[in-house]
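Visitor: Provided below for reference: sequence and predicted model.
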Amino acid sequence: MADQSGQLQVPPSAQKPSGSEPVIHVMPAEFRGGKTPMTQPKAPVAPPKPVAPAPTPAPLPPPPKPVAPVAKPTVPAKKKPLVSPVLVIVGVIFLVVLAGAAYFLLNPSTPPATNVVVNNTPVVNTPPVNTPPANTPPTPVVTVPQPGKDSDSDGLTDVEEQLYGSDPHNPDTDGDSYLDGNEVFHMYNPNGNAPSNLADAGYVRPFSQTGFDYTMYYPSQWTVQLVGGVSEQAIFHAVTGETIQVSKATKTAEPTNGTATTTRQGYAGFLSADKMTTYLEVGTDVYVIEYKLAAATQINYLTTYQMMVNTFKVVAPKP
């Protein structure tokens, strides 16, 4: 350590180094610690944040214009009626009653009898007697026959299904892809597969009688009535009262209401508009096949009628 004189103090026990002593330079005391004490620099100050300008207020609307007061309309004072409404009503009723009395006086329903003297003889003027009109009989109502009930829509009515052993609730009883009505129309058995036909199954039988020059098939459940004479008429009776009649006549004027037709046997003819009368021309003769309803109101055998027409055939009469 150095003393105030700047000499380095050496303990007595220490030996002086050999040679010359080293020179030690020491900073003068006035320069120790700096000429001016050092101060800590101040932290930099952040710049102030910009302030957003205040929004400009919207201009106020102009004050409303003063409205001039509306003058109230002047209501004229009501005038008092010259005549009271009650008096008017009473007067109208009086006039109506007076007019009605005058009408009945001037136009009586039965003019009174008056005595008139003609040639010194009194004549009594008797009022006319009103005779009621005679009762007109009511116009009869014409009932148009309706088709019979066909539950399965196969072309056979439920009544016909009973004639041919088919099911009224199955349009194809034998399941051969043909409707029951179509099979009966062509003489096939609707309850059996081809080649079984109605005759083989016993549902129909042939008509062939002595003195008649035609044959045809008809349902086995029906009956036949023969009418002799020039007409050679056969009447086929259904169990429900309808009939199918076949008559022979000489050709006359052709009917005008209907359509031309040809049977499956090749006979040309004419079919009426209601499809219930067929005229078949064979040479100079005409065969008329009619479907008669009698008292029936439904057409139950139209397919059966068509089957019979299609099986009609003229042959040589039996002796």
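Guide: The structure has been received and is ready for your questions. Numbers count the residues shown, from 1 in each chain.
Visitor: Mind listing what's buried along stretch 208-221?
Guide: Within stretch 208-221, the residues that qualify as buried are 212, 213, 214, 216, 217, 218, 219, counting by 16 or more other CB atoms under 10 Å. All C-beta atoms are positioned from the backbone trio N, CA, C, and that covers glycine.
Visitor: a markdown table for these, including distance to residue 261 and pLDDT?
Guide: Below are the buried residues of stretch 208-221 laid out as a markdown table (distance: CB to CB, whole Å; pLDDT from 0 to 100):
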| residue | distance to residue 261 | pLDDT |
| --- | --- | --- |
| 212 | 22 | 87 |
| 213 | 21 | 89 |
| 214 | 17 | 92 |
| 216 | 16 | 96 |
| 217 | 19 | 97 |
| 218 | 20 | 97 |
| 219 | 22 | 97 |
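Visitor: which ones among the residues you listed are found in strands?
Guide: Residues of those located in strands (DSSP state E): 214, 216, 217, 218, 219.
Visitor: Next up, the contacts around residue 213.
Guide: 232, 248, 314, 315, 316, 317 (CB atoms under 8 Å, 6 or more residues apart in numbering).
Visitor: scratch that, residue 221
Guide: So residue 221 contacts 163, 239 (CB under 8 Å, 6+ apart).
Visitor: State the distance from it to residue 239.
Guide: Look at residue 221 and residue 239: by CB to CB, to the nearest Å, they are 6 Å apart.
Visitor: Select the longest helix from this structure.
Guide: helix 85-106 (DSSP state H).
Visitor: Return the set of buried residues in it.
Guide: Quick answer for helix 85-106: no buried residues (16+ other CB under 10 Å).
Visitor: what residue ranges in the stretch 151-300 of the chain score low on pLDDT?
Guide: For the stretch 151-300 of the chain, the stretches with pLDDT under 70 are 229-231, 253-256.
Visitor: so of the contacts of residue 213, which ones are in strands?
Guide: In strands, judged by DSSP E, the following of these are found: 248, 314.
Visitor: Quick one, which of the contacts of residue 213 are buried?
Guide: The neighbour-count test (16+ other CB under 10 Å) marks 232, 248, 314 as buried among the contacts of residue 213.
Visitor: Hmm, the last one is touching residue 282, no?
Guide: So that's residue 314. Yes - using CB atoms under 8 Å, residue 314 is in contact with residue 282, at 5.3 Å.
Visitor: what's the overlap in contacts for those two?
Guide: Common contact partners of residue 314 and residue 282 (CB under 8 Å, 6+ apart): residue 267.
Visitor: just the helices in this protein please.
Guide: Counting by DSSP H, the segments of the chain that form helices are 85-106, 158-163, 180-185, 198-201, 302-311.
Visitor: what's the most distant pair in the buried residues of stretch 208-221?
Guide: Farthest pair in the buried residues of stretch 208-221 (CB to CB) is 213 and 219. Separation: 22.4 Å.
Visitor: burial measure for residue 196, as a count.
Guide: Residues near residue 196, counting by other CB atoms under 10 Å, number 15.
Visitor: any idea what sits nearest it, other than its immediate chain neighbours?
Guide: Leaving aside its chain neighbours, residue 196 sits nearest to residue 189 (4.4 Å; criterion: CB to CB, 6 or more residues apart in numbering).
Visitor: so who does the one you found touch?
Guide: Contacts for residue 189 were tallied using CB under 8 Å, 6+ apart; they are 164, 174, 183, 196, 197, 198, 200, 201, 203.
Visitor: what's near enough to touch the closest residue to residue 261 other than its chain neighbours?
Guide: With sequence-adjacent residues excluded and distances taken as CB to CB, 6+ apart, residue 261 is closest to residue 271, at 4.3 Å. Listed by CB under 8 Å, 6+ apart, the contact partners of residue 271 are 258, 259, 260, 261, 277, 278, 279.
Visitor: how about a markdown table for those, with neighbour count and distance to residue 227 added?
Guide: Formatted as a markdown table, those follow (neighbours: other CB atoms under 10 Å; distance: CB to CB, whole Å):
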| residue | neighbour count | distance to residue 227 |
| --- | --- | --- |
| 258 | 17 | 25 |
| 259 | 9 | 29 |
| 260 | 9 | 29 |
| 261 | 16 | 25 |
| 277 | 18 | 18 |
| 278 | 25 | 19 |
| 279 | 20 | 19 |
